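Asks: A structural model of the following input is requested.
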Amino acid sequence: MPRRRSDPGQGSGPPRYPGTFLLAFREAAAGMGWHIRRWAGDMVECADADGKDHVIGLENLYRRARRAPREDWPGLVTEFLRTVRLAEAEDSLPASLDPVAGQLLVRLGHPLKVIPPAARVWSLPLAGTALCVNLVVDYPNRMSYVTEQLVTDSGRPGGDWLEHGLANLQARTPADWFRVMHEESGMLLASVGDAYDSSRALIVDRLLPEATADGYFVAVPGRDELVVLPVTAKAMPHVHLMKVLADKSYKGVPYPISDEVFWVRAGTWRPFPIEVRGQEVTLQPPPEFGEIMDRLGPAAEDMPGGGSAPGQ
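Replies: This next block holds a predicted model:
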């Protein structure tokens, strides 16, 4: 029976991925000489032209693809598979950290799935959140996670390398790293676009030192998105708009991180729960925010006030 274009084959994957996307994946894989061994939900088990096995996650790839015209999908998938092949090459990890110290950066995200002990990456939980910070070595076309073994072999504590990575990220952040997306509140959107914008939430107090007294509200919906709102009197009536933005972006961006809003002050992260239902806004500031609300007075009392969401 002839195969329909909307049906890439038996066991082709979950219905949330359109057939044209799955066919684009097949076309790209075949063009590179890759063999698809098995479709498993949102994962695909493949073998490349050299017989090396790869497990490819479809969710982030599809989130990226759906932002592009469908006729571009085979090329987009091909480029992604080339990157995967390069990243998984035997020389993807350095022999030691010292020679690549200038390339060391940080990555904000969720703890990685269980991996073999020998390949376990160095990770620091971000207290008060479900997120963590990893160290990565940044290359022109890829990045590699720093393993616990590399840190141990360096003879230096992970905290030292973390500070080094944060300093490198600050040094490579241009002065115009953000744009104002909401004049009335002073809300900012990171716009470097180098795959480390969300990680800049870890150094926002260094990048905006003039407004650090009461900290910042931050939202990191995805790897390439960071929204910042300095805690000021004029910002308080608009903080709920960050939750609107976070919810909307988190559902569709590649490499999603969180739909929460956080209050960050002096390096300490605290969730700042906000619920928006139509015109009704409910906030549950952490107890430590009480003194700020008292000091800002009427502005804090109007926190869930009106205003249109940025970009609307």
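
Asks: so what's the residue nearest to residue 221 when sequence neighbours are not counted up against?
Replies: Of all residues not flanking residue 221 in the chain, residue 249 sits nearest, at 3.6 Å (C-beta to C-beta, 6 or more residues apart in numbering). For every residue, glycine as well, the C-beta is placed using N, CA and C. Counting by C-beta atoms under 8 Å, 6 or more residues apart in numbering, residue 249 touches 221-222, 225.

Asks: and residue 249, that's in a helix?
Replies: Yes. Assessed by DSSP: H, G, I helix; E, B strand; the rest coil, residue 249 belongs to a helix.

Asks: Can we start the residue count at 54 from this point?
Replies: Sounds good: first residue 54 from here, last item residue 302.

Asks: element containing residue 197, please.
Replies: Element membership of residue 197 [criterion: DSSP states H and E] is strand 196-198.

Asks: which other helices and strands contact that strand?
Replies: Under the contact definition 3 or more C-beta pairs under 8 Å, 6 or more residues apart in numbering; DSSP states H and E, strand 196-198 sits against strand 157-162, strand 185-191.

Asks: buried ones in the helix or strand just after that strand?
Replies: The helix or strand immediately downstream of strand 196-198 is helix 201-207, counting by DSSP H and E. Neighbour-count burial for helix 201-207, with 16 or more other C-beta atoms under 10 Å as criterion, is recorded at 203-204, 207.

Asks: what about dumping the CA coordinates of helix 201-207 to PDB?
Replies: Taking Å, rounded to 0.1, in the frame of the first residue of the first chain, the C-alpha atoms of helix 201-207 are listed here in PDB:
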ATOM      1  CA  GLU A 201      32.500  16.300  37.800                       C
ATOM      2  CA  GLN A 202      35.600  14.400  36.900                       C
ATOM      3  CA  LEU A 203      37.100  17.300  35.000                       C
ATOM      4  CA  VAL A 204      36.500  19.600  38.100                       C
ATOM      5  CA  THR A 205      38.000  17.000  40.400                       C
ATOM      6  CA  ASP A 206      41.100  16.500  38.200                       C
ATOM      7  CA  SER A 207      41.600  20.300  38.100                       C
END
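
Asks: Now do it: everything it contacts.
Replies: Outside helix 201-207, the residues that touch it by C-beta under 8 Å, 6+ apart are 146-147, 149-151, 171, 173-175, 188, 210-211, 214.

Asks: Going by distance to residue 341, which of those residues wins?
Replies: Closest approach to residue 341 among the contacts of helix 201-207 (C-beta to C-beta): residue 211, at 27.3 Å.

Asks: State the distance from the closest one to residue 88.
Replies: With the distance defined as C-beta to C-beta, to the nearest Å, residue 211 ends up 39 Å from residue 88.

Asks: Neighbour count for these two, which is higher?
Replies: residue 211 (18 against 12; other C-beta atoms under 10 Å).

Asks: these two touch, right, the more buried one and residue 187?
Replies: No. Counting by C-beta atoms under 8 Å, residue 211 does not reach residue 187; the two are 10.3 Å apart.

Asks: any common contacting residues for these two?
Replies: Applying C-beta under 8 Å, 6+ apart, one finds that residue 211 and residue 187 are jointly contacted by 175, 177.

Asks: so which one among the contacts of helix 201-207 has the lowest pLDDT?
Replies: Lowest in pLDDT among those is residue 171, which has 64.

Asks: what stretches of this protein score poorly on pLDDT?
Replies: Applying pLDDT under 70 to the chain picks out residues 54-68, 138-146, 167-171, 264-265, 350-365.

Asks: returning to that earlier point: buried subset of the contacts of helix 201-207?
Replies: 146-147, 150, 174-175, 188, 211, 214.

Asks: Now go through the residues you listed and say which are in helices.
Replies: 211, 214 (DSSP state H).

Asks: want to throw the buried ones among the contacts of helix 201-207 into TSV with distance to residue 123?
Replies: TSV is the format used below for the buried ones among the contacts of helix 201-207 (distance: C-beta to C-beta, whole Å):
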residue	distance to residue 123
146	36
147	39
150	43
174	35
175	39
188	37
211	44
214	43
